[in-house]
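Student: I need the structure of the sequence given here:
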Amino acid sequence: MNKKSLSYFFLLIALFMGALYYNNFIRSPIISILNSIKSNYFSTMEFFENSINKHLFQAQEIENLKQKLQKYENNHLVMQQLASELHDLYKKNDSSLKTNPQVQLVRAISYEKFGNLNRLWMDIPDYNASKIYGLTYKEFVAGIVIAKNNQPLALLNSDIKSAYSVYIGKEKAPGIAHGNNAKSIVINFIPAWFQINPGDEVVTSGLDNIFFKGLKVGKIISVTKSQGYQNAVVKQYYQANEPNYFYIIKSVK
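Tutor: Numbering: from 1, shown residues only. Below is the predicted model:
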């Protein structure tokens with residue numbers, strides 16, 4: 001291949017990469033195909049890993065599952081009791097309120113871009129691209145899930161575009177939590193008349209229809225005042241260094 005042909009070849013590659021980066025019409029199906037390949041790969045690897053573990057550690061695994069089953073059965077009975085009492089309370093007061101929360105276990109596929117640890121492509125069955133979902137890890141808030149090129153993209157707490165409503169401290173001071181591309185997160189628009197102190201716990205308010213009320217976010221580190229509002233820096237509870245499985249909140253009520 002002569003130099004002229006080689007130059008044309010690299011020019012075509014550059015044009016294709018530019019079109020791929022700036023054109024959503026081209027990029028969306030490619031991202032969808034790549035995410036599908038990644039999802040199938042992880043499912044296959046998980047299948048083989050589970051098969052190996054099943055044969056090598058079957059006795060120990062059965063014992064662990066028995067203990068977990070006893071714990072879940074106990075929790076299930078408690079939840080049934082609470083649901084029954086709640087139903088009776090609604091009925092007694094002729095309330096039309098309904099509650100049907102839905103939570104789903106989902107898997108992270110890969111980072112959106114190398115070097116950005118705050119954004120993850122997710123594998124979510126029956127994904128609705130018109131909604132924003134709350135994302136949790138164990139009992140802590142991890143971030144939100146939005147649609148990008150019609151694919152589910154997790155914005156972890158530290159991402160600057162990850163935002164949701166919270167309460168602070170015993171007085172339940174309202175505010176909006178969002179990332180700042182750092183380890184800690186920030187809360188803005190806290191009314192000035194609330195007393196906010198370092199160490200106050202931050203939980204979700206549930207008013208944004210993204211999270212349940214009362215899920216743990218973190219603790220206040222510092223507070224400043226600006227233009228009639230207070231701003232707070234929060235040390236977040238979510239600290240997973242190897243993101244794998246999360247729960248999304250598909251329905252709050």
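
Student: can I have stretch 130-143 written out in PDB, keeping just the CAs?
Tutor: Output in PDB follows, covering the C-alpha atoms of stretch 130-143 (Å, rounded to 0.1, in the frame of the first residue of the first chain):
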ATOM      1  CA  SER A 130     -38.600   7.400  29.600                       C
ATOM      2  CA  LYS A 131     -38.000   7.000  33.300                       C
ATOM      3  CA  ILE A 132     -35.300   7.800  35.800                       C
ATOM      4  CA  TYR A 133     -34.600   5.000  38.300                       C
ATOM      5  CA  GLY A 134     -33.000   5.100  41.700                       C
ATOM      6  CA  LEU A 135     -29.900   2.900  42.100                       C
ATOM      7  CA  THR A 136     -28.900   1.300  45.400                       C
ATOM      8  CA  TYR A 137     -26.000  -0.900  46.600                       C
ATOM      9  CA  LYS A 138     -26.800  -3.000  49.700                       C
ATOM     10  CA  GLU A 139     -28.700  -0.500  51.900                       C
ATOM     11  CA  PHE A 140     -27.100   2.600  50.500                       C
ATOM     12  CA  VAL A 141     -28.000   5.000  47.700                       C
ATOM     13  CA  ALA A 142     -25.500   4.600  44.800                       C
ATOM     14  CA  GLY A 143     -26.900   7.000  42.200                       C
END
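
Student: Any buried residues in that stretch, and which?
Tutor: For stretch 130-143, the neighbour count (16 or more other CB atoms under 10 Å) marks 132-137, 140-143 as buried. The C-beta positions use only the backbone N, C-alpha and C, and glycine is treated the same way.

Student: And the residues you listed, which is closest to K216?
Tutor: Proximity of those to K216 was ranked by CB to CB; the top entry is F140 with 5.4 Å.

Student: hmm, back to that, hmm, which two among the buried residues of stretch 130-143 are most spread apart?
Tutor: Of all pairs drawn from the buried residues of stretch 130-143, the greatest distance, 18.4 Å, lies between I132 and F140 (CB to CB).

Student: still on that earlier bit, any chance of the buried residues of stretch 130-143 in a markdown table, with distance to F194 too?
Tutor: Conversion of the buried residues of stretch 130-143 to a markdown table gives the following (distance: CB to CB, whole Å):
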| residue | distance to F194 |
| --- | --- |
| I132 | 26 |
| Y133 | 29 |
| G134 | 24 |
| L135 | 27 |
| T136 | 26 |
| Y137 | 28 |
| F140 | 24 |
| V141 | 21 |
| A142 | 26 |
| G143 | 25 |
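
Student: okay if I get these as TSV plus distance to S251 and pLDDT?
Tutor: Converted to TSV, the buried residues of stretch 130-143 look like this (distance: CB to CB, whole Å; pLDDT from 0 to 100):
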residue	distance to S251	pLDDT
I132	12	96
Y133	10	96
G134	10	95
L135	14	96
T136	14	92
Y137	19	90
F140	20	91
V141	17	95
A142	18	96
G143	18	97
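
Student: Can you redo those residues as TSV, where the extra columns are secondary structure and distance to I220?
Tutor: Putting the buried residues of stretch 130-143 into TSV (DSSP: H, G, I helix; E, B strand; the rest coil; distance: CB to CB, whole Å) gives the following:
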residue	secondary structure	distance to I220
I132	coil	25
Y133	strand	26
G134	strand	21
L135	strand	22
T136	strand	20
Y137	strand	21
F140	strand	16
V141	strand	15
A142	strand	19
G143	strand	19
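
Student: Relative to I249, which of these is nearest.
Tutor: Within the buried residues of stretch 130-143, the smallest distance to I249 is 3.9 Å, found for G134 (CB to CB).

Student: distance of the closest one from T204?
Tutor: Taking CB to CB, to the nearest Å as the measure, G134 and T204 are separated by 8 Å.

Student: Mutual contacts of these two, please.
Tutor: When CB atoms under 8 Å, 6 or more residues apart in numbering defines a contact, the residues bordering G134 and T204 alike are 141, 164, 210-212, 215.

Student: And for E112, the neighbour number?
Tutor: Other residues within reach of E112 by the criterion other CB atoms under 10 Å amount to 17.
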